[in-house]
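[1] quick one: sequence and predicted model below, then my questions.
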Amino acid sequence: AAGARACTAQPKTVLVPPMFERDLKARSRMVKSSYDYLFAKPSLRWLFEDYMGSGLNTVLLFAPAVDPRISVKAKLGEGDAGMMSVRYQPFGMAEPLCFVDVKASPRSPGDVTLRACAFSTDTGLGSFATLPLAKHVSGRRAEVGVRYSSPVFTAGAVLQPATNRLSHLWLCGRREGMTLGVQLRPDLPVHSLQGGLLQAVSTAGSSSSSSSSSSSSSS
């Protein structure tokens, strides 16, 4: 009986939470234009900078076991090469594309950027924002954007709230191994765009009403 109990007893298992988790670079694509991500070939840039560059580069990712929604990523290199970011994912791994992070680089001391992204995998709709906290150092303005993304199609727009101007629009699609896309940088005031849309809607409404009236008179 003792031997039978020993055979049926479950072995002791020690569960150790992972301290290091492979970061998904694809998450960062959600706070920028999909055209830049698809056609700027960031994978080639990572290849030449991380693997074929001079010196030694190290990337560390730490996720505390107490709260895995928080992760700290540090990229270390020689001289001023490097980067550090602190990311918070409010929904954990259930929604990895919803996050807020703070990113800094020693290449420009004092240049800190706050990024935020909210994306629904069910509807494909999302919004994002990139806010330089020291624009007098970086020279960049804050940007907010909206997007729609699916496995075969993506579209979006980016605005600059400080100037109230439309920075750029993109439209990309993928089918049977072929990727096509276009990106426009109109740099138009938002009020001009609103006026154009209202005029187009009013023109379409007047043309439809005139066509309906002509058809009724002919009958």
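    Nice, thanks for sending it over. Numbers count the residues shown, from 1 in each chain.

[2] quick check: residue 30 is in a helix.
    Yes: with DSSP: H, G, I helix; E, B strand; the rest coil as the criterion, residue 30 is part of a helix.

[3] pLDDT score assigned to it?
    Residue 30 is assigned 84 on the pLDDT scale.

[4] neighbours of it, how many?
    22 (other C-beta atoms under 10 Å). Every residue, glycine included, has its C-beta placed from N, CA and C.

[5] contacts only, for it.
    97, 117, 119, 126, 128, 147, 149 (C-beta atoms under 8 Å, 6 or more residues apart in numbering).

[6] direction included, what does the top strand by length along the chain pair up with?
    Longest strand of the chain, by residue count under DSSP state E: strand 165-175. Strands that pair with strand 165-175, judged by DSSP bridges, come out as strand 153-160 (antiparallel), strand 178-184 (antiparallel), strand 188-189 (antiparallel).

[7] least reliable of those by average pLDDT, please.
    Among these, strand 188-189 scores lowest, with a mean of 80.

[8] what's in contact with that strand?
    Under C-beta under 8 Å, 6+ apart, the answer for strand 188-189 is 164-166.

[9] go again with 6 Å.
    The set of residues external to strand 188-189 that reach it, using C-beta atoms under 6 Å, 6 or more residues apart in numbering, is 165-166.

[10] likewise for stretch 90-101?
    30, 69, 85, 87-89, 115-119.

[11] if we can go back for a sec, just the CA coordinates of the longest strand of the chain, formatted as PDB?
    Output of strand 165-175 as PDB, limited to C-alpha atoms (Å, rounded to 0.1, in the frame of the first residue of the first chain):
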ATOM      1  CA  ARG A 165      -2.400  70.400 -38.800                       C
ATOM      2  CA  LEU A 166      -2.800  67.000 -40.500                       C
ATOM      3  CA  SER A 167       0.700  65.600 -40.600                       C
ATOM      4  CA  HIS A 168       0.300  62.500 -42.800                       C
ATOM      5  CA  LEU A 169      -2.100  59.900 -44.100                       C
ATOM      6  CA  TRP A 170      -1.400  56.300 -45.000                       C
ATOM      7  CA  LEU A 171      -3.100  53.400 -46.800                       C
ATOM      8  CA  CYS A 172      -1.600  50.000 -47.200                       C
ATOM      9  CA  GLY A 173      -2.800  46.600 -48.300                       C
ATOM     10  CA  ARG A 174      -1.400  43.100 -48.600                       C
ATOM     11  CA  ARG A 175      -2.600  40.300 -50.800                       C
END
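
[12] list the buried residues of that strand.
    Residues of strand 165-175 classed as buried by neighbour count (16 or more other C-beta atoms under 10 Å): 165-172.

[13] all good on my end, thank you.
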